[in-house]
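*Asks:* Turn this into a model:
(chains A and B)
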Number of protein chains: 2
Amino acid sequence: MRLISVMFVVLLGFPAMAAEIEADVARLQAKLDTLSAYGGTDDGGLNRPAYSDADKAARAYMIAEMEALGLDVTIDAGANIIGRRAGTEAGLKPIMVGSHIDSVPFGGRYDGNTGVLAQMEMIALMNDHDITTRHPVEVVIFQNEEGGLYGSLVMSGHLKPEALSQVASSGKTIGEGITFLGGDVTALETAKRAPGSLAAFIELHIEQGAFLDEQDIDIGVVQGIVGIKWWDVTITGVANHGGTTPMRRRQDALLAASHYVDLVNRTALRMAGRQVATVGRLQAHPGAPNVIPGRVDASLEIRDLETAKIDAVFAAIQAGIPAIEAATGTSFDFRYVSAANEPALTDPRMRDIIRASAKARGYSTLDMPSGAGHDAQDMVDLGPTGMIFVPSKDGISHAPEEFTKTEDIAKGVNVLLDTVLAIDGQMDQ
Amino acid sequence: MRLISVMFVVLLGFPAMAAEIEADVARLQAKLDTLSAYGGTDDGGLNRPAYSDADKAARAYMIAEMEALGLDVTIDAGANIIGRRAGTEAGLKPIMVGSHIDSVPFGGRYDGNTGVLAQMEMIALMNDHDITTRHPVEVVIFQNEEGGLYGSLVMSGHLKPEALSQVASSGKTIGEGITFLGGDVTALETAKRAPGSLAAFIELHIEQGAFLDEQDIDIGVVQGIVGIKWWDVTITGVANHGGTTPMRRRQDALLAASHYVDLVNRTALRMAGRQVATVGRLQAHPGAPNVIPGRVDASLEIRDLETAKIDAVFAAIQAGIPAIEAATGTSFDFRYVSAANEPALTDPRMRDIIRASAKARGYSTLDMPSGAGHDAQDMVDLGPTGMIFVPSKDGISHAPEEFTKTEDIAKGVNVLLDTVLAIDGQMDQ
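*Replies:* As a prediction, this is how the structure comes out:
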């Protein structure tokens, strides 16, 4: 029933409109070029970490752009920028669309910015075509997404007070950064949105992976943002003289670590599904070329849409450890650090609307998880949440080579517009 | 013929003496305890790096001990301490016996000190029993063995001038350290001994490995000091997002490095012989738990008594690299750093004398390579060189747990004495 009603709205409610209204590729490109100048690097990348001068300047530019589009712009106490477009029916909750413009240090120009520029183009198209919505539409630029989703954590009320004293990559603490950007750390409660207070939340983002690019698919329908669990791993052997200790007498922590890295990779590859497992940090101690390593410090990260799957991957890795310990005369210690993120599933209604909106445009779609974290994951309690992915060339992310064709962003804008209008037509709260 | 003449000297020339003269275990133990107090640590270890105050104080104690034994003590320009006992025949070259008393930072009490105390006990026994030798006997305490054999490099004339500006673990440069210990960096040439200027050179040392201890063997007859070659290894993959990059699309430099570490171990184990190959240094970059490593920096060290064997091990490792590169989408770069040491073979005549001396005492012997470097390796051009190993408990070296029983050292002293006397009887230069 649900799907049929959505199809009705999309295919019968707005078919003429969908065919007529198209994102303006040249306008998108111009805005992208202008925004990229704030913190842009000579190699085509972007160095605009949250709370940097470039971040502040880019936000000022975006505020001016939002005001030029007629939006009612406010900065909430958490330093998120909110541009509101009024709806026609009193009492309806806002439809929120949001992303970010801060970058990792020396990252790329498309992560976050693509979503923010898409939502601005969506508003421009609404203005161009005199579209009114029943619900208010709010476009949001969350602050400091890359550092840890701080803006959306404030809005969802999930920010822990001690987080304000953590130091961001800019060198400022989170608290100092919020003040620097015009927020008010003494009034963060006022920025909090209540659970269920949104008609919907939608984020458009580049995929940061290669599923869409590899298969030449236009639109990713995000099933959810994967959960992440982290462990610190210590492998203990016996440090000894690399010249006087025969091969068969060694208790080499690095040899054991090598078998561990291989085990992690084989386990994640062997199991069905899209889970990923990564050993990103590994160092041998004491680290001299002529000393057999007595200790190795390493990491383990496992991601999946289901916590049970994460736990199953970890259990399978654990099952392989005793054989490594026995073969190398070493011992392993896994210390659970944290669940960096719980899995955050998107709302099935939102997925249906996004998928149907894309198909009505003739775009190909793929239902897929998001392996990366996004502000959207903090919004799932505030209202039905959906995410739209556009392709990333070769899946490159957080690097100057990050790239998405403006034509592909335009397709995302079209789907975003149709999705918001479908939500507006369908949701009566 | 050579063996027969040696056997004649040892078995017929000094059999009564060998049976009568035994190292004084209590005296050895007392000297070991006293010497260990200079830089001794509460855990039973020793922290007496070259050029430290503890090193200087221990040297002053040893000089006093040498003078008490009637030796003519000098400090050469390279800061080596030389105690000379006159011979009875004019024109004969000296028989030199030498080792060191500096330690690695937070090392053990037996490395070096065992040889120095053994040669002092040998002199004490000669005095006790009114033994005169035809050749002069010189006992040497080389300075800064652990930092890079600096004392013996000065004596052999192999020290490169630029080495004087290198910083030792004490914080002083080698040049400053030599001055600190009473040497004269402006006159290092005067400390140089000419090739062929020694009747023989003998060093007694703990094994630093477990061959003797494991097989309960009294005396190791050192065949030579292994050569060492070093390489820096860089493995290049593609750093990427640990959440959004599927397992099968990764070009994980750490996974490749793991296969490399395993290959090095398997290669060294598989080939016949006593070669060793070690990856002691390995670090993944950028090193974040959520980023697939794009680069790994590692080391490779291979040791063997024969350079050709070292090269064969390296070639076998190289042969396995293309398969790893192909399987992981990475590339390896091996940069030859240096031959830290060329192999230094001991003189077969010295091995025969040491072996025969031990057997005449009823001690078991094992011919074996030295996997560690020693001052003896710098002396091979100055005269026929031999090395005597005594057992190391569990092969532990460069750690506070390093241990050799005083009774085992005493056996070494007895062999050292008989060896020097056999050389004195046999060598007519």
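
*Asks:* drop to CA atoms for contacts and neighbour counts, all remaining ones
*Replies:* Noted.

*Asks:* B:Glu401 versus A:Ala253, what's the distance?
*Replies:* According to C-alpha to C-alpha, to the nearest Å, A:Ala253 stands 19 Å off from B:Glu401.

*Asks:* quick one: A:Pro293 and A:Ala284 touch, right?
*Replies:* Yes - A:Pro293 is in contact with A:Ala284 according to C-alpha atoms under 8 Å; the separation is 5.9 Å.

*Asks:* who touches both of those two?
*Replies:* Here A:Pro293 and A:Ala284 have A:253-254, B:280-281 as joint contacts, going by C-alpha atoms under 8 Å, 6 or more residues apart in numbering or on different chains.

*Asks:* Serialize the residues you listed to JSON lines and add fields for distance to B:Val154, pLDDT and secondary structure.
*Replies:* As requested, these are exported to JSON lines (distance: C-alpha to C-alpha, whole Å; pLDDT from 0 to 100; DSSP: H, G, I helix; E, B strand; the rest coil):
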{"residue": "A:Ala253", "distance to B:Val154": "37", "pLDDT": "98", "secondary structure": "helix"}
{"residue": "A:Leu254", "distance to B:Val154": "37", "pLDDT": "98", "secondary structure": "helix"}
{"residue": "B:Gly280", "distance to B:Val154": "29", "pLDDT": "96", "secondary structure": "coil"}
{"residue": "B:Arg281", "distance to B:Val154": "30", "pLDDT": "96", "secondary structure": "coil"}
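
*Asks:* Looking at neighbours, which among those residues is most surrounded?
*Replies:* Within these, neighbour counts (other C-alpha atoms under 10 Å in any protein chain shown) peak at A:Leu254, which reaches 32 neighbours.

*Asks:* A helix includes A:Glu65, no?
*Replies:* Yes - assessed by DSSP: H, G, I helix; E, B strand; the rest coil, A:Glu65 belongs to a helix.

*Asks:* Count the neighbours of it for me.
*Replies:* If you count neighbours by other C-alpha under 10 Å, A:Glu65 ends up with 14.

*Asks:* could you check the distance from the residue nearest the centre of chain A over to B:Ala323?
*Replies:* In chain A, the centroid-proximal residue (C-alpha atoms, centre = their mean) is A:His374; its distance is 2.7 Å. Separation of A:His374 from B:Ala323 (C-alpha to C-alpha): 38 Å.

*Asks:* go on, A:Gly220?
*Replies:* According to C-alpha to C-alpha, A:Gly220 stands 36 Å off from B:Ala323.

*Asks:* just A:Thr419 next, same as before
*Replies:* A:Thr419 is 49 Å from B:Ala323, by C-alpha to C-alpha.

*Asks:* Compare those two (neighbour count), which wins?
*Replies:* Legend: neighbour count by other C-alpha under 10 Å for A:Thr419 and B:Ala323, higher for A:Thr419 (25 against 12).

*Asks:* my guess is that one contacts A:Ser357, does it?
*Replies:* Yes - using C-alpha under 8 Å, A:Thr419 is in contact with A:Ser357, at 6.1 Å.

*Asks:* For the closest residue to A:Gln166 other than its chain neighbours, list each beta-bridge partner.
*Replies:* Once flanking residues are discounted, A:Gln166 sits nearest to A:Thr173: 5.2 Å by C-alpha to C-alpha, 6 or more residues apart in numbering or on different chains. Counting by DSSP bridges, A:Thr173 is bridged to A:Val167.

*Asks:* What count of nearby residues applies to A:Thr173?
*Replies:* 17.

*Asks:* what's the answer for the one 10 residues further on, then?
*Replies:* The tally of other residues near A:Gly183 (other C-alpha under 10 Å) stands at 21.

*Asks:* Please tell me how far it sits from chain B.
*Replies:* According to C-alpha to the nearest C-alpha, to the nearest Å, A:Gly183 and chain B sit 30 Å apart.

*Asks:* show me what contacts that residue?
*Replies:* Per C-alpha under 8 Å, 6+ apart, neighbours of A:Gly183: A:75-80.

*Asks:* Dump the residues you listed into a markdown table; add neighbour count as well.
*Replies:* Below are these laid out as a markdown table (neighbours: other C-alpha atoms under 10 Å in any protein chain shown):
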| residue | neighbour count |
| --- | --- |
| A:Ile75 | 18 |
| A:Asp76 | 22 |
| A:Ala77 | 24 |
| A:Gly78 | 31 |
| A:Ala79 | 27 |
| A:Asn80 | 27 |
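
*Asks:* Show me the residues you listed that map onto strands.
*Replies:* Secondary structure defined by DSSP state E assigns A:Ile75 of these to strands.

*Asks:* Tell me where the stretch 251-400 of chain A has strands.
*Replies:* A:276-278, A:282-285, A:291-292, A:295-304, A:331-341, A:344-345, A:365-370, A:385-390 (DSSP state E, counting those that start in this stretch).

*Asks:* Let me see the confidence value for the residue nearest to A:Gln166.
*Replies:* The per-residue pLDDT reported for A:Thr173 equals 96.

*Asks:* now swap in the one 4 residues further on and tell me
*Replies:* Confidence per residue is given as pLDDT, and for A:Gly177 that number is 98.

*Asks:* I figured A:Gly209 was touching A:His398, is that so?
*Replies:* No - using C-alpha under 8 Å as the test, A:Gly209 is too far from A:His398 to be in contact (10.9 Å).

*Asks:* And chain B, is stretch A:112-122 touching that?
*Replies:* No - remark: stretch A:112-122 sits outside contact range of chain B, by C-alpha under 8 Å from any C-alpha of the partner chain, the gap being at least 15.3 Å.

*Asks:* Equivalent analysis for stretch A:208-223, please.
*Replies:* Yes - counting by C-alpha under 8 Å from any C-alpha, contacts between stretch A:208-223 and chain B involve A:208-210.

*Asks:* Tell me where the stretch 201-350 of chain A is predicted with low confidence.
*Replies:* Scanning the stretch 201-350 of chain A for pLDDT under 70 picks out A:339-340.

*Asks:* Now do the helices in it.
*Replies:* A:211-215, A:253-270, A:307-328, A:348-360 (DSSP state H, counting those that start in this stretch).
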